[in-house]
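1. Sequence below, structure please.
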Amino acid sequence: MNNVFRLIWNRTLGRLVVASEAARSQHKAGNGSKQIGQPPMPIRQATESHVFAPLKPKILVLACATMLLLPLGISDAEARKFASDGGSCVSGGGGIAIGRLTTGNTTADPIDGSGTYSTVAGCNASGNNQSAATVYGTFSQVTGAGGAAFGFNVRAARWATAIGLESRATGVSGTALGFGSQATARNAVAIGGAGGDGTTPLAVADSTIASGLHSIAIGSNDVRGAQASQGEAIAIGGQATASGVRAVAIGADASADGAGDVAIGPEAVASGGGLSAIAVGRNASAVGSDAQAHGNSADASADFALAFGNFANASARNAAALGNSASATGVGASSFGNFASAQGANSTALGGGGVQGSFQGAQALADGATAIGGNNVRGAQAGGVNSIAVGGESSASDINAIAIGGGAQATNINAIAMGKDSEASGLDSLAIGQGAIASGEKSISIGFANEVSGTGSGAVGDPNIITGDGSYAVGNDNEIDADEAGAFGNRNVLAATAEGSRIIGNDNNIDVADAMVVGNNADVTEEGGVALGSGSVADTGAGIQGYNPTTSAADGLNAAIAATESTTGAVAVGDADNGVFRQITGVAAGSEDSDAVNVAQLKASEIHYFSVNDDNNPQGNYANDGATGANALAAGVNAEAVGDGDVAIGEGARVDGSTLGGSSVAVGQLSEVDGAADAAALGSRAQVSSGSDGGTAIGSEATVGTDSRNAISIGRLTSVGSNAWDSVALGSAALVGEGASGAISIGTLASNADGAFNSIALGIAANNTESGSVSIGSEASTTAGGAVAIGGSATATAANGVALGSESEADTAAGIAGYVPFGASATDTSAIEGTVAQRAAVDVGSRQITSVAAGTELDDAVNVSQLIAAQSKVEAGTNIAEVVESENPDGGTIYTVNADGTTVSAGTGVDVTPTGPDANNITDYEVALNQDTQDSLLLADSALQTVVTQIDGTEVKTLDQDDNVANFVTGDNIVLSDEAGGIKIATAEDVTFTTINSDSLAITGGPTLTGGGIDMNNTTISNLADGVDANDAVNLSQLEGAAAAARTEVEAGTNVASVDQTTGADGQDIYTVNADGASVSAGTGVDVVAAAPDA
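-> Here you go, the predicted structure:
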């Protein structure tokens, strides 16, 4: 049926009816009132529109399609059903599976019942007595009011829509689109095909299925369609599975198992156990409550775990791994940086991996451990419980160990190593300085290349070697092999036999026990002797009788004098043998027999400053009263140690840790620790302010501000501001601003501004102004939160932007729309707009990005080979004069096709007159007969025009000038022959007849021939040759070839006037392309014959 209908208003009936296309309406519309789905929209003014503008074209197309599908008018309470164009619906072709399901023979016409507003078409189709049901397709059904089913063997429930072979929309208001798609719950949407590999369809259970309330399933592949099985779940992509309430799975084989889980990317898995796990990236996996995995093969496999970066792994509760191949496997562990590893509970690893075959970043391997930093060999390693390692190749391998600096090693319990290649291997040992070594238990090594191996020993300077137990050296190039010995100065030697000896001065060499030297180049040769002053020699031993003034001899005759005979080595303030003499000034008159006396007998005999020169200006601590805390030590003019265990050494050095438990140290002129426990200020004017417990300031004018606990400031003029907990400033004038807790500034003038917490500035003058930022490289800088600048003078000014490479500048914010190429289709434009940047841009500073794999997703980068493959070219074809190529301002190429090669030539007796071309470059050719031809045609008017042929008086054919051939056709068992110019009709010599009657010709076991056609009786026509003529039968190979080539579309190109589409007699599409719009008009009675196009 190819009838064309239209809806018009029937004034008499008062409703719309279907009529011929030529009929006219009175511009009325139907006013049906029965409500099927949503309530009717109220009438609006002519100027209003309640259809969302982008949907208007789609609604118009849907309306037109609906009009074409309505072959009859339907009144307010009327239903329509349609059979098979007047034929019977009873067939014998059942048992054939069109898709996956086998149906029986068609046995009945469409069934509607008494449902109103319904349209049912197709054998065995049924509207099931439902109002406003729409069914188009054999074996299809609608089971609820307002349902619509289109296709073979389709089902649609109330308000539902199912389109496609074997599709099922069995949920109320569900939508199923595509072969085998299933929307089985209310408001569910299933879009996809079950075509499988194109040969074998998918099983029913493997179809695209949306079975949860309001769920969405879109897509399929050779294995299975997308499936969304819970309320408001979304599954997009072949084999995608969303099996939790409001779960989202996007990507081939993506899986979101629990409520609120999100899996985005091929093979991504999210299983949060009801607490919304998130997995984003190819093969990303987030398994655990609130677990998150972002990046290809990222794995967050425990509750509240976070893995961010390709191959990142967070496998314990509350663990966080950020960086490519970063690993956090301990409970509460955190790892930051490529190949960083935090394995212990509550451990922290910060730093990237090496490149010399190790591929290890910072590693925090034990509970509570912290590892920060890396270099091109290996990252920091914190292997002990609560240990801290900061710097590339640093290692803190035991409980509470701390290693700070490249290659620093703290390998024992409570050991601390600070400085490049420093080593603290003894229990409770401390090594500070490049190459400093503290290998003895409770040993201290502060300074360049100091080596302290004695238990309880210490060294401050450059470099000192201490092997004795309980021994100390302050100065440079001192060597102490003795136990309980000490040296304050340079180039002093205390041999193993000098147990208990002390030296203050330079270039002294002592090998006797309990000796004391204060001065340069002094010497003590007797045990217990004391040499005071440079060049002094204490060579007098014990047991020497005192001088008897009565006898002027050391005779021991005076009992009082004899009672004070020396019991240890003497004190020397010079060297009498070599003429070195000194006065002893400031000695008070003695009160006991063994007291020293002076000339005036009035001066005090106390030592005031312990060899400290006050420039003859007695000041604070003159009376040795600067240490007021228990077990405190104050050494120096105005030195003051207030808290218990405090140590203040140097002019004006002050330590006041009394309010917080003391145990702080200040060494250096005007160095100060004010109100902070366990803090250290080492260097001229070094300062740790109140509340900064555990703070460390090392270097001239290095400072740690108030309430900055555990902060470290190392270097001249380095500074850590107030409220900057756990921050580090390392390098001359390095700065961590106020409130910048957790910030790290390493390098001369490196800085993190106020409030830039958790930021890292590494390099000369590197700086960050906002939190969470990273700048690495000389003068690298960031000015926005979360920004990253890597490379010399690289800058990142956009939030979360990344500047990669020297002088790169990342200033493009998130949300910038992508470039839409010239000529992009609406679909392409929509795809481009769907990939708007969600984060600020990565800038590589006008560098090539090499080794880029070919992109596969819409938001992947493409490489040059893909760009070259996308180029298009236009060449001249038939009747095209030339193709002109020009550059589009947006960067593309414009091809201008000039079709100007059409000509018209005149035959004999014909005149051709061209007109044009007009403004559209179209030339009109007027063709007319010349006068001689017109005159000769007048003679033909009286000639015989037609001949009528008849059979037994019945007209058969009329012959005229255009059709002047009469053909006689030979019949069955009849022979036609030429008989002297006549036609002889005779019976054939051999005739064949089977069973012949007035109704049909039947062949046993074979087909039946009737007036209505041939019934093959369910048998095959085999060995059928390819059809040639238009009315020949075609075989299966021709049918398959025609179906494959049936989809052809022709569009008009540049300067092509039009492409006209018509439908051929056999239903095929015919496209007529008018290359240049040239036309030829002819006068009355003139034929125009077009010659073939020339070259």
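2. how deep is the nearest residue to residue 220 once chain neighbours are set aside tucked in, by neighbour count?
-> The shortest distance from residue 220 to any non-neighbouring residue, by Cβ to Cβ, 6 or more residues apart in numbering, is to residue 192 (4.0 Å). From N, CA and C alone the C-beta is placed, and that goes for glycine too. Other residues within reach of residue 192 by the criterion other Cβ atoms under 10 Å amount to 33.
3. quick one: residue 192 from residue 546, how far?
-> The gap separating residue 192 from residue 546 is 114 Å, by Cβ to Cβ, to the nearest Å.
4. How about residue 121?
-> Residue 121 is 138 Å from residue 546, by Cβ to Cβ.
5. When these two are compared, which one has more neighbours?
-> residue 121 (20 against 17).
6. roughly how far apart are the more buried one and residue 110?
-> 6 Å.
7. low-confidence ranges in the stretch 351-500 of the chain?
-> 352-360 (pLDDT under 70).
8. Which pLDDT value goes with residue 836?
-> Looking at residue 836, its pLDDT stands at 71.
9. Could you break the chain into its assigned domains?
-> Here the domain parsing of the chain from automatic domain parsing is 305-405, 633-810.
10. what about the last one, start to end distance?
-> Taking Cα to Cα, to the nearest Å as the measure, domain 633-810 stretches 54 Å from start to finish.
11. could you dump the domains of the chain to TSV with mean neighbour count?
-> TSV is the format used below for the domains of the chain (neighbours: other Cβ atoms under 10 Å):
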stretch	mean neighbour count
domain 305-405	26
domain 633-810	24
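12. By mean pLDDT, show me the worst of these.
-> Note on those: domain 305-405 shows the lowest mean pLDDT, a mean of 83.
13. how long is that one end to end?
-> With Cα to Cα, one end of domain 305-405 sits 30 Å from the other.
14. Break down the stretch 751-900 of the chain into its strands, ranges please.
-> 751-752, 760-762, 767-768, 774-776, 781-782, 788-790, 795-796, 802-804, 809-810, 842-843, 882-887, 893-898 (DSSP state E, counting those that start in this stretch).
15. For the ones you listed, give me JSON lines that also has distance to residue 378.
-> Putting those into JSON lines (distance: least, Cβ to Cβ, whole Å) gives the following:
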{"stretch": "strand 751-752", "distance to residue 378": "26"}
{"stretch": "strand 760-762", "distance to residue 378": "17"}
{"stretch": "strand 767-768", "distance to residue 378": "26"}
{"stretch": "strand 774-776", "distance to residue 378": "18"}
{"stretch": "strand 781-782", "distance to residue 378": "27"}
{"stretch": "strand 788-790", "distance to residue 378": "20"}
{"stretch": "strand 795-796", "distance to residue 378": "28"}
{"stretch": "strand 802-804", "distance to residue 378": "23"}
{"stretch": "strand 809-810", "distance to residue 378": "29"}
{"stretch": "strand 842-843", "distance to residue 378": "27"}
{"stretch": "strand 882-887", "distance to residue 378": "53"}
{"stretch": "strand 893-898", "distance to residue 378": "53"}
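16. Nearest to residue 125 among the ones you listed would be which one?
-> strand 893-898 (50.0 Å; Cβ to Cβ).
17. and that closest one, average pLDDT?
-> On average, strand 893-898 scores 62.
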